[in-house]
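A.B. asks: Following is a predicted model, sequence given first.
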Amino acid sequence: MRGVSMMRSFGYSPAHRRPLAAKDTLRSRLPWLLVSTALFSVPALATDDLPSGAGVAAGQVGIASSGNSMTITQTSDRAIVNWGSFNIGAGNSVNIHQPGSGSAILNRVTGSTPSSIAGTLSANGQVFLVNPNGIAITPTGTVSTGGGFVASTLGIADSDFMSGSLNFSGSGASSTVSNSGVITVGHGGYAALLGGKVRNDGLIAVPFGKAGLGAGEVITLDLSGDGFMQVSVPSSLVDDGEALIENSGTVSTEGGTIVMRAATARNAARKAINMSGVAEARSVSGRNGKITLGGGEGGSVQVSGKVSARAKKATSSPSTQEGGVIEITGATVVADHAVLDASGFGNGGTIRLGGHESDANALQRATTLTVSDGTMIVADALDGGNGGTVVFWSDDYAGLSGTVSARGAGDGNGGRFYAAGARGPVFASEVDLGSSQASSLISFTIAQSVLLDTVPEGASRLLTTAVVNRYLNQLDNPGSLVTISNWTKSLTIAGNLSWDTDASLQISSVNAVNIAGTITATGEYAGLFLDNMTMSPGAMITMTGTGATVNKLTSNNLIRTAADLQAIDAEPAEDYYLVQDIDLSGTTYTAPLIAQLTGKLNGFGHTISNFTLAVPSGADSNFGLVGQNSGTISYLSLVNASVSARSDSNTGSYAGLLVGTNEDRGDITGVTVSGTASIHGDAVYSNLGGLAGMNNGTISNSIANVALEAKSNYGASRVGGLVGLNTGNIRTSSASGNITGQADLIYAGGLVGAQIDGTLSASYATGDVVVIAGAQTMAGGLIGYTSGGSVADVYATGDVTGTNGTASVALGGLIGANSVSVSRAFSTGNVSWSGDATPSDGLDLGGFAGTNTSTGTITASFYNTDTSGQPNSGTGVSGVTGMTSAQFADPYYFTGTAINAGWDFTGSASQGQSDQTMPVWAQPINGETATLYRPYQRAWIFGENVVTTYGDSSVTLSQPLVFAAAANVTSPVTTLSLSTAQTTVLGSANFGRVDIGGLTYFVMTDQIDSGASFTVNPYPLGLYGSLYQKPYGVDLPLSQLPYYFKSGSLFPGDVLTGTLASNGAPASALLGQYDITLGTLSNPNYDISFDPGEMTVYWGRPGFPPHSAESQAVQSDPRVASAVSTGEKTETNALYSIQPGAVGPVVCQVIEGCSDGDIAEQTFMAAEPSGAAGRSPI
């Protein structure tokens, strides 16, 4: 056929219902083939060098071939041609003439062979090639169209195509589309390769247009909207280890859009995209390029080539073209020695790897993200403008190296850098957001619970304060900001943050942010933003710049001097922050420095030292650093303070080192005071406390170590190590100073003098209490007197001593006189009296409480019988158990007993989580008694799987614990003491107590990095059952079955719950022997092995006592042996049947071999001894 010109022009007119010639002049040359478009076909050519077997299915199309070329003429706007095959051999060409660039033709292959384009395919419009068998454009192949080109192994319905709805669907395992040649599409057009797999190692160029590589079974093209290509329904192709989309060639859409998407299943991870070539969508002529790579919910995306949305410099100067947008995401994203560039000559562009910086729904979030060393991420402003935005996001692990640059230029700001990772993000790279002008932003979003200076071995994936410091010291302009936020839990800053630039730091968390290290900013205009903050002992925040700010407050709100403190009186409702230590030595004040505070005073961990307040005679009201507080005072230390007052007021006086009175809206937290305080005089009521004279608000996490003295010749004195009079709420606080009280009416306690309608919880006192009794005396190691409210989870260890009084004396190790609910408490101090009063005079002494009234209830509490010096817990006291010193210090005995009484030694533990609620109590260790945990005193096990067995006394770590307040740890801690309380088997569990530097820490595991865990295996315990006998017809309770220890034993305080089991226990059990098995006997902390016992059920009816000679004769009757030996009956499990007609005192079981005439089983077992009325057995 070569050299012969053939041209056939066909169309279809529904109106005329006949084929129409394209030109009337052809009628004289060629006969018309009058067939419908649905049936029409062109005879196949002799070779596969050109398409063959055409059939027009819709529209008007003419087809002619000449030699090595074919011409297809389309006269309708859209048309469909079905082909038997569609190939273009090397050196051959197919030229398609269309009405315009918006016209489209669908070439569908209905045969069984794939398509190969090794020659040239050209068109002035839009060409679609669909072949379910596969499509390959070879290295010699070229495709050039004016409007668009789509090669797909997914099908499309005629109706969809003709209506312009480009919805493609595959068979479930669609074939591959590949391009090794050159595909070019005209200005503003589109090109797409769609299949089960897609390969491009050639060139695809669509200036100002759209290019897509899509792998999946359902794909939709949107030629006019923003979402050019949507891919769904993963292919069922066998995973051969190759990526679904491979681009080792070049895809270019200058000023346009590139999309590569693969559909993958979340639960079937596979390689989705391998981008080792070039994807280039440069921004130009006011049009920003955009490149999107999406690996789907289960796919990995590997980028090792060049991805560029960099602006193209305009010929006119200066150029203001911005950089474009690059978005790469999938389940796993890896950038390995890749170059990603979205720089602009105006503003820099945007590069997002793994997710969107603010909208979780805008872009799929990667599970893991890795950016290797050697990768370059650039979104600079090149001539003048703001630096761009770079986002690294991972819901799990983000390991980030390489270099990141988003520099501003000219008058522009620096760029924005966001990094997020549950286990990280981790940086071994430099981030350059430099700008000579205004602000830049670096944002870290993490899920780890603690931020350290350096990470332990094996935990290299954690973000550290060292990394944060590096970036804070790079950003030198006011307004530049570094943010750290935690998206799942509380965040502890256990490392040290320090910078000397004018940058600001913002730290936030979904829960609280705890500062356990130090934060030091020396920049003149440095800033700090803290949301929902707490501080650990030893933590400190220092701001030295005169223009520094905290939470957007100006330097006027930052306290540095005594004058600054006194100036608070002018605006007491403002928020104030102490940003450096203040020494008040050399000045004696006669009135509080702050008369009344209604705002906030945050000490930021700093110290006010040598405060001296000496109130002259006759003064009354409120004495302390602050007179009255109805605001918030937090994280402040008063060291070596002294308050002395003389009051002869008729209304009462209130004195404490920190405040005179904490009002009902007042909140004091994290405050430590030390020094001396006294109040003398004849006031009606004198209220003296180490921290506050009176509390009507809330006090928490506070400590007082103050020597107190209250003396009055008239009236009443309430004196307590922390608070004199409590009508509010005190929790997690303590006092350790010694107390002396002398008054006509004296209420003295190691923590609280008197509590009236207040609450006290999780607090303790260790100081001694000495009272010189008057008309009425009530003193306790913790509280002197209670009336209304409640007391829970408390203890006292100080001695209580009373002298001189003659009547109405109540002294107790914990409480002097109690009228409220007290639960989970203990006392160990000595209680003694040396006055003249006797019990008949109203003297009540008790190891726990002096007296307990009818309204007082005490439960789950203990006192020390060795040290108390008292024979009982107190007058009217019940619910208190006496223990020896050895029992108090025994971790097994005390902890087990206390847990059974309802004490909390474990907290609301969720396995392996560092954000659990801490337990209330710490178990005894190293000979010490139990104590109370303080919030935020935590230590962590990182990167180590610690395994121990329940009951072990200690465990050795391969690396030291990491402490929240490292200043309290002077040497590495690698050995932990264990007890049953902290090693309850929970699989991977949090650990328990360690005492370091005078603080009690709660040790926790942290699984943020490499699955650190503390695994407690159950203790192996061997038991065996007994040989047990029981008479027939008796229902034996399983709880009566004994067991014995073969190996191991229970730890003190532990019990086994449940019972052994045996089928011989019910009354209905037949005569014989039965196994005794483990049944439900268990304890989750023990791995129990059990050797079965044996139960014998014997005849024990009336007339035959168990084990009697008559009973034994039943089973030794010669007739039994005769029946067995003759084969008339059989023997099973040592039970016998006897021949019919036998008489006498015989009991047996009907077994296999008995005839139908034998007596029924139930009747037989009800047989009576010989001589009884009724039918004889058998």
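C.D. replies: Nice, thanks for sending it over. Numbering: from 1, shown residues only.
A.B. asks: tell me the contacts of the closest residue in space to Gly348 that isn't next to it in sequence?
C.D. replies: Using CB to CB, 6 or more residues apart in numbering and skipping residues adjacent in sequence, the residue nearest Gly348 is Gly388, 2.6 Å away. In short, each C-beta sits where N, CA and C put it, glycine included. Gly388 makes contacts with 323, 342-344, 347-351, 379-381, 406, 415-416, as judged by CB atoms under 8 Å, 6 or more residues apart in numbering.
A.B. asks: And Gly388, how far from Ala379?
C.D. replies: Distance, Gly388 to Ala379, by CB to CB, to the nearest Å: 3 Å.
A.B. asks: what's the answer for Ser372, then?
C.D. replies: Distance from Ser372 to Ala379, by CB to CB: 19 Å.
A.B. asks: Quick one: classify the residue nearest the centre of the chain as helix, strand or coil.
C.D. replies: By CA atoms, centre = their mean, the mean C-alpha position of the chain lies nearest to Thr488, the distance being 5.1 Å. Under the three-state scheme (DSSP: H, G, I helix; E, B strand; the rest coil), Thr488 adopts coil.
A.B. asks: what's the answer for Leu565, then?
C.D. replies: Applying three-state DSSP: Leu565 is helix.
A.B. asks: Can you pull the phi and psi angles for Ser555?
C.D. replies: Ser555 adopts backbone torsions of phi -60, psi -20, taken as degrees, to the nearest 10.
A.B. asks: Pull the number of nearby residues for it.
C.D. replies: 16 (other CB atoms under 10 Å).
A.B. asks: Assess the claim that it and Thr544 are in contact.
C.D. replies: No. The pair Ser555 / Thr544 is not scored as a contact, 10.8 Å apart, by CB atoms under 8 Å.
A.B. asks: pLDDT wise, what is the residue nearest to Gln321 when sequence neighbours are not counted at?
C.D. replies: When the adjacent residues along the chain are set aside, Gln321 lies closest to Ala311, with 4.0 Å between them (CB to CB, 6+ apart). pLDDT, Ala311: 92.
A.B. asks: Likewise for Gln1073?
C.D. replies: As predicted, Gln1073 sits at a pLDDT of 93.
A.B. asks: Each with direction, which strands does the helix or strand harbouring it pair with?
C.D. replies: Using DSSP states H and E, Gln1073 sits within strand 1072-1077. The strands beside strand 1072-1077 in its sheet (DSSP bridges) come out as strand 1061-1062 (antiparallel), strand 1093-1098 (antiparallel).
A.B. asks: Dump those strands to CSV, plus distance to Tyr635, mean pLDDT and mean neighbour count.
C.D. replies: Formatted as CSV, those follow (distance: least, CB to CB, whole Å; pLDDT from 0 to 100; neighbours: other CB atoms under 10 Å):
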stretch, distance to Tyr635, mean pLDDT, mean neighbour count
strand 1061-1062, 59, 96, 21
strand 1093-1098, 63, 92, 20
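A.B. asks: Quick one: closest of the ones you listed to Glu663.
C.D. replies: strand 1061-1062 (64.2 Å; CB to CB).
A.B. asks: ok, and what's touching the closest one?
C.D. replies: Residues outside strand 1061-1062 that contact it (CB under 8 Å, 6+ apart): Tyr1028, Leu1038, Leu1041, Tyr1074, Asp1075, Ile1076, Thr1077, Leu1078, Gly1079, Thr1080, Gly1093, Met1095.
A.B. asks: One more: stretch 83-91?
C.D. replies: So stretch 83-91 is in contact with 41, 44, 47-55, 68, 94, 107-111, 113, 115-121, 129, 131, 138, 140-141, going by CB under 8 Å, 6+ apart.
A.B. asks: and if you look at stretch 863-872?
C.D. replies: Contacts of stretch 863-872 (CB under 8 Å, 6+ apart): 813-814, 826-832, 845-848, 873, 880-885, 888.
A.B. asks: what do you get if the cut-off is 6 Å, keeping everything else the same?
C.D. replies: 813, 827-828, 830-832, 845-848, 873, 880, 882, 884-885, 888 (CB atoms under 6 Å, 6 or more residues apart in numbering).
A.B. asks: Out of those residues, who's the most crowded?
C.D. replies: Going by other CB under 10 Å, Gly813 tops those with 36 neighbours.
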